[in-house]
Every structure is written in C-alpha cells, then in structure tokens.
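Novice: Sequence first, then the predicted structure, then my questions.
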Amino acid sequence: MMLQALAGPQPLQPRTPDVHHRFVVGLLGSGIAGSLTPGLHEAEADRLGVAYTYRIIDLDALGGQPGRSAELVRSAAELGYDGLNVTHPSKQLVQDGLDELSPDARILGAVNTITFHGGRAVGHNTDHTGFIGGFRAGLHSAPINSVVQVGAGGAGAAVAYALLNAGAGHLVIADIEADRAESLAARLAPHFPNSEVVAARTDAIAGTIRTADGLVNTTPIGMTGHPGTPVDPHLLHPGLWVADVIYRPLETALVTAAREKGCAVLDGGRMVVGQAAAAFELFTGIPADPDHMLAAFHRAVSASHSDQKDGSRR
Ligand SMILES: NC(=O)c1ccc[n+]([C@@H]2O[C@H](COP(=O)([O-])OP(=O)(O)OC[C@H]3O[C@@H](n4cnc5c(N)ncnc54)[C@H](O)[C@@H]3O)[C@@H](O)[C@H]2O)c1
Ligand SMILES: O=C(O)[C@]1(O)C[C@@H](O)[C@@H](O)[C@H](O)C1
C-alpha cells in the first residue's frame, strides 16, 4: 500500500468526542499477555465514564507470525475497532496495512498507535511524546545540552527523537551493535541541523558520561531476564541525571546505582504511561490525565508484586 504522509507538523490529532460510543481498541504484538497498557486505558476510561474495551491481539496465540501484522491491522479496521496500539515485533511491519503516517512516525519508521477514523488507517508514534512528557514531569528542567543514550533499537529511536525535538544540543548514541547506533544517528541528524547527533562505540563513552548532563538507557539490560547495567556504575556522578525506559522492573540496577550516587533519576513508568495517555486521546478525542494514569500504573505494579508473592507462597 502506498503511504501518504500527513501534511505539516501534526503532533496529535484527536477525534471529536462522542459520548454514546463504545470504544473498542487493542494491542497487537508478541509476548503481550502481561502488558499493563490495556489496564491503564481501561482505568482511565472508567474514571472518565467512557465505555471502552481494550483487547489483546497476541501474535503468539495466532500462530506467531509477525508477517501477519499488516493483515491484522486491516482486519481490525473491518471489524470496527477504533484503534490499535502496536508493539514488538510489529511496529515496522504494520506500516503495510496503513493509509497514512504521521510525520513523526514516518521519521521514526515505527508506529505504536493506529487510528481508524473516517475509514483511514493512520499510524502515529506516541512513544516519543510519552518519553518527553514523562521526562519533563519527572525530571522537570533537567538540562539536555549533552546526553549519552545507550541503545538504538525501537525505544532508542523514540527517545533520541524526543530529546532532539526538545532541543538536545549534543546527543551521543551507543549500541552494542555499532551499525544500529550509526544508522539511527544518520537518520535523525538531517532533521535536527542545530544539534550534534553522533554514534559512538559502547567502549568509548566513559569520558562523555563524565561530562554529560544526562544518561538514558534504552537497552533491555536491567529488565527481568536481562540482569546488569548497560554502563559501568562507577561512571555515574551526582551531576548526571539518569533515565531508564525499562519498567519491568521499575527499579533497575541502573536506577538503584544512580540513586546511590545522588543522581536525579527517572524510571520507565512515566514513559509507558505517557504513550498510553497520548494513544487514549488519539483513540477517543478525550484528553487523558497522565497523573491519574500514573497512579493506576503504580496500583497495577503493586498488585502484580502481591500476586507474585502469593504465587510463591502457594
Ligand atoms: N517505558 C516504555 O514505554 C517502553 C517502551 C518501549 C520499550 N521499552 C523497554 O525498552 C527496552 C528496549 O526495547 P526495544 O523495543 O527498544 O528493544 P530493541 O531490541 O528494539 O532495542 C534494544 C537495543 O539495545 C541494544 N543493546 C542490547 N544490549 C546492549 C548493551 N549491553 N549495550 C548497548 N546496547 C545494547 C540492542 O543491540 C538493540 O539495538 C525494553 O526493556 C523494553 O521493555 C519501554
Ligand atoms: O505496554 C506495552 O506493552 C507497550 O508495548 C509499551 C510500548 O511498546 C508501547 O509503544 C505500546 O503501545 C505498549
């Protein structure tokens, strides 16, 4: 399918609210059974008195074929869904099922939110707005003149784009797969002529971290099943803010080490809440409140910890 770009800058285009409508949306991806995003949307809909159903469209349960992503987008449109969130491994693959892409999603080459308004499937990206909204809420006016980012995958692209959009002056991107960092830096640099975006080897960022304003982890290192820290904790210093996008767990080894060093710290919770709040507004046309959604997120995290404790006692 030939994709059209939406004309001009178009951050978020909410639809006109309709109080009598029951919204039906879903999350398309693999390994999503434990995702907290459906619960975040439903809690916000309940709070606002909006009739809302959020379904899981789990590729694993459908035979595990990521190649079906675009076909499933078209099926959801035919079935009357109002929209979809999209996650790994489908954020690129769904694009063949779309009519249009927002300018941001086009630059990022990744879609995490699809709206089906007026018979057109439009791909958006709320990961980058989610990150920067959470960053400003959690770290306030933290400086971004010089930032080191480790990880240049899907989340890394969104975070780098968000930081550059917010005016980052010098952004160093490192990835264990050096070509990923190079291609992300090369893709973003032309869109931000007033910023310096460079790729660096992971073993060559120590000096930059010592003088940087901030460090962001967008690798999976520190999430459940991927223990450790993406950089040597000895490089952290009190003048550095540290952000981690991982939210399972919220308290990663990097977050803990950064707190111990006296760094200002942001965990991955606000980004996941921010992407969900922006997607909710795109789906419904009704503004979501990120603070209420953050509270719902923390309740869900606590509940899942209690379930795990109960399970381990049984
Ligand atoms: N908070 C949120 O809203 C949010 C959103 C998306 C992803 N995430 C989290 O972000 C993490 C990354 O997800 P993704 O979709 O970008 O994954 P991805 O696989 O697309 O990208 C991860 C990147 O990290 C690199 N990497 C791995 N180990 C490394 C190391 N030791 N040093 C340097 N680079 C390394 C990989 O080469 C890859 O390029 C996951 O933990 C995911 O759960 C959080
Ligand atoms: O919470 C998740 O499961 C998500 O996968 C997180 C992130 O990938 C978002 O872009 C998706 O909308 C939802």
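Specialist: Everything's here; your move. Ligands and ions are numbered 1, 2, ... in the order given.
Novice: and residue 25, what does it touch?
Specialist: Residues in contact with residue 25 (Cβ atoms under 8 Å, 6 or more residues apart in numbering) are 41, 52-55, 81-85, 283. In short, each C-beta sits where N, CA and C put it, glycine included.
Novice: again, but for residue 237
Specialist: In this structure, residue 237 makes contact with 210, 261, 263, judged by Cβ under 8 Å, 6+ apart.
Novice: measure it to residue 231 for me?
Specialist: Per Cβ to Cβ, to the nearest Å, residue 237 is found 12 Å from residue 231.
Novice: What ranges does the stretch 201-314 of the chain have for its helices?
Specialist: For the stretch 201-314 of the chain, the helices defined by DSSP state H, counting those that start in this stretch cover 206-211, 253-261, 269-284, 290-313.
Novice: Make TSV from the ones you listed and add mean pLDDT and distance to ligand 1 to it.
Specialist: Output for the helices of the stretch 201-314 of the chain, formatted as TSV (pLDDT from 0 to 100; distance: least, Cβ to the nearest ligand atom, whole Å):
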stretch	mean pLDDT	distance to ligand 1
helix 206-211	97	13
helix 253-261	98	11
helix 269-284	98	4
helix 290-313	83	10
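Novice: Can I get those helices in a markdown table including mean neighbour count and distance to ligand 2?
Specialist: Below are the helices of the stretch 201-314 of the chain laid out as a markdown table (neighbours: other Cβ atoms under 10 Å; distance: least, Cβ to the nearest ligand atom, whole Å):
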| stretch | mean neighbour count | distance to ligand 2 |
| --- | --- | --- |
| helix 206-211 | 14 | 26 |
| helix 253-261 | 19 | 18 |
| helix 269-284 | 27 | 5 |
| helix 290-313 | 13 | 10 |
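Novice: can you tell which of the ones you listed is closest to residue 104?
Specialist: Ranking the helices of the stretch 201-314 of the chain by proximity to residue 104 (Cβ to Cβ) places helix 269-284 first, at 11.0 Å.
Novice: helices or strands up against that closest one?
Specialist: In terms of contacts (3 or more Cβ pairs under 8 Å, 6 or more residues apart in numbering; DSSP states H and E), helix 269-284 is packed against strand 23-29, helix 37-48, strand 83-86, strand 113-117, helix 127-139, helix 290-313.
Novice: residues in contact with the most centrally placed residue in the chain?
Specialist: Compute the mean C-alpha point of the chain, and by Cα atoms, centre = their mean the closest residue is residue 127, 3.2 Å away. Residue 127 makes contact with 110, 112, 154-155, 158-159, 271, 275 under the criterion Cβ under 8 Å, 6+ apart.
Novice: can you give me how far whichever strand or helix holds residue 199 is from the chain middle?
Specialist: Using DSSP states H and E, residue 199 falls within strand 196-200. Relative to its parent chain, strand 196-200 has a centroid offset of 21 Å by Cα atoms, centre = their mean, to the nearest Å.
Novice: Quick one: name the residues of the stretch 1-150 of the chain near ligand 1.
Specialist: Neighbours of ligand 1 within the stretch 1-150 of the chain, by Cβ under 6 Å from any ligand atom: 88, 127, 130, 150.
Novice: Ligand 2: which of the residues you listed is nearest?
Specialist: In terms of Cβ to the nearest ligand atom, no member of those lies closer to ligand 2 than residue 127, at 4.8 Å.
Novice: Nearest residue to the closest one in space, ignoring adjacent ones along the chain?
Specialist: Nearest non-adjacent residue to residue 127, counting by Cβ to Cβ, 6 or more residues apart in numbering: residue 158, 3.7 Å away.
Novice: Give the helix, strand or coil label for that neighbour.
Specialist: Secondary structure, DSSP: H, G, I helix; E, B strand; the rest coil: residue 158 is helix.
Novice: and it, how many neighbours?
Specialist: 27 (other Cβ atoms under 10 Å).
Novice: Let me see the contact set for it.
Specialist: 108, 110, 125, 127-128, 130-131.
Novice: For my notes, please list those in a markdown table and give pLDDT and distance to residue 225 for each entry.
Specialist: Below are those laid out as a markdown table (pLDDT from 0 to 100; distance: Cβ to Cβ, whole Å):
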| residue | pLDDT | distance to residue 225 |
| --- | --- | --- |
| 108 | 96 | 26 |
| 110 | 94 | 23 |
| 125 | 98 | 26 |
| 127 | 98 | 21 |
| 128 | 98 | 26 |
| 130 | 98 | 23 |
| 131 | 98 | 23 |
